[in-house]
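S.K.: can you look at this prediction? I've put the sequence above it.
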Amino acid sequence: MPADFHPLSEMALAAGIDRLALVDEDVAGALERIGYPAPRQREPGFATLLRTMVAQQLSTRSAAAIWARVEQACLPLVTAESFLALDETSFQTIGFSRQKMAYGRALAAAVASGALDLEALATLPEEEAIAAIAALKGFGRWSAEIYLLFALGRADVFPADDLGLQIGMQRLKGLDARPKRKAMEALAEPWRPLRGCGAIFLWHYYGSATLDEGAAVRRA
């Protein structure tokens with residue numbers, strides 16, 4: 001397998017969404033209106049896991065600004081070792097809260113010591129990989145699912161607790177209320193084994209649906 005292979009590359013993602021459109025007329029209709037999403041590929045490893053934690057409960061712009069400072073502080077590369085070498089003043093300059101500093105250090109220590117084997121995650125069954133990441137302080141199921149989807153290309157991972165996905169599903173299906181995890185999982189069940197492709201499409205739809213005149217009304 002080539003080193004740069006990603007299971008959810010642009011071509012694979014488009015093919016997956018095409019398959020979803022065959023089993024879900026709402027996906028088919030939305031795809032015709034808004035087209036395909038860009039792939040959301042990330043490099044597997046410590047930096048991507050750390051960046052996922054940094055982004056929690058922050059706007060996209062704020063998270064990007066903080067991450068840029070992390071990269072600057074950890075030159076030449078963001079690794080577990082370079083992150084552990086930062087002192088408290090560096091964390092204050094970056095903009096980390098004490099809580100996120102503690103979470104980041106715990107992650108870095110787990111990776112540096114081998115307690116979290118990042119290479120092994122790629123070979124673990126989905127739920128085992130999620131449990132291994134979610135066991136870390138500051139990393140819940142959402143963080144683990146995001147890592148598996150974006151970095152490991154697990155095509156059936158579906159972060160059902162994600163607010164953007166929930167709003168996207170609400171708009172796609174014309175629901176009166178935003179669905180929570182149980183309802184999200186039920187709605188996405190027909191998309192197996194490509195729920196990850198469906199998730200990426202829902203984020204795309206969430207960003208596009210305000211311009212979609214067909215999003216507001218559910219067919220009877």
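M.R.: Nice, thanks for sending it over. Residues are numbered from 1 along each chain as shown.

S.K.: for the spatially most central residue of the chain, which non-adjacent residue is spatially closest?
M.R.: By Cα atoms, centre = their mean, the mean C-alpha position of the chain lies nearest to Ile146, the distance being 2.7 Å. Distance criterion Cβ to Cβ, 6 or more residues apart in numbering; nearest residue to Ile146, sequence neighbours excluded, is Thr52 at 5.3 Å. (C-beta placed from N, C-alpha, C; glycine too.)

S.K.: if we can go back for a sec, so after whichever strand or helix holds the residue nearest to the centre of the chain, what's the next helix or strand?
M.R.: If you go by DSSP states H and E, Ile146 is part of helix 141-150. Using DSSP H and E, the helix or strand that follows helix 141-150 towards the C-terminus is helix 163-173.

S.K.: in the next helix or strand after that following helix, what's buried?
M.R.: As assigned by DSSP H and E, the chain's next helix or strand after helix 163-173 is helix 181-188. Judged by neighbour count (16 or more other Cβ atoms under 10 Å), helix 181-188 contains these buried residues: 183-184, 187-188.

S.K.: so what's the residue nearest to Phe150 when sequence neighbours are not counted up against?
M.R.: If the residues on either side of it in the chain are set aside, Phe150 comes closest to Arg42, at 4.3 Å by Cβ to Cβ, 6+ apart. For Arg42, the contacting residues are 48, 51, 147, 150-151, by Cβ atoms under 8 Å, 6 or more residues apart in numbering.

S.K.: tell me the secondary structure at Arg42.
M.R.: Here Arg42 is recorded as coil under DSSP: H, G, I helix; E, B strand; the rest coil.

S.K.: from Leu75, how far out is it?
M.R.: 20 Å (Cβ to Cβ, to the nearest Å).

S.K.: show me the shaky parts of this protein.
M.R.: Low-confidence segments of the chain (pLDDT under 70): 1-6, 209-220.

S.K.: and Ala135, how many neighbours does it have?
M.R.: Neighbour count of Ala135, defined by other Cβ atoms under 10 Å: 12.

S.K.: for it, grab phi and psi.
M.R.: When read as degrees, to the nearest 10, the backbone of Ala135 gives phi -70, psi -20.

S.K.: which one is Asp138 nearest to, not counting chain neighbours?
M.R.: For residue 138 the amino acid is Gly, not Asp. Nearest to Gly138 is Tyr103, by Cβ to Cβ, 6+ apart, at 3.0 Å.

S.K.: next: Gly198.
M.R.: Leaving aside its sequence neighbours, Gly198 sits nearest to Trp191 (Cβ to Cβ, 6+ apart; 4.3 Å).
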